[in-house]
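J.: let's see this in three dimensions:
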Amino acid sequence: MEHDQMTFQWLMAGCRIAKRLTAADEPALNRAARKLPT
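T.: Residues are numbered from 1 along each chain as shown. So this is what the prediction gives:
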């Protein structure tokens, strides 16, 4: 049971980190998208 709890906490931490990275990269992604020919 303890092992499942640890795994769940790691998954939650990973989701938070991924969201933060995505939010930080959004302006850069938008700039790159504008540079692409339409």
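J.: contacts and neighbour counts: CA atoms only from here.
T.: Noted.
J.: dump stretch 25-38 to CSV, keeping only the CA atoms.
T.: Extracted in CSV, the C-alpha atoms of stretch 25-38 (Å, rounded to 0.1, in the frame of the first residue of the first chain):
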residue,chain,number,x,y,z
ASP,A,25,7.3,27.4,-22.9
GLU,A,26,4.0,28.8,-24.2
PRO,A,27,5.4,32.2,-25.3
ALA,A,28,8.3,30.6,-27.1
LEU,A,29,6.0,28.1,-28.8
ASN,A,30,3.7,31.0,-29.9
ARG,A,31,6.7,32.9,-31.3
ALA,A,32,7.9,29.8,-33.2
ALA,A,33,4.3,29.2,-34.6
ARG,A,34,4.2,32.8,-35.9
LYS,A,35,7.5,32.3,-37.7
LEU,A,36,6.1,29.3,-39.6
PRO,A,37,4.8,30.0,-43.1
THR,A,38,1.1,29.8,-43.3
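J.: give me the mean pLDDT for it.
T.: Averaged over stretch 25-38, pLDDT sits at 81.
J.: and if you look at stretch 8-18?
T.: Computed over stretch 8-18, the average pLDDT equals 91.
J.: so which residues of the chain form helices?
T.: Along the chain, the segments classed as helices by DSSP state H run 2-35.
J.: most centrally placed residue in it?
T.: Nearest residue to the geometric centre of the chain (CA atoms, centre = their mean): Ala18, 2.0 Å.
J.: all set, thanks.
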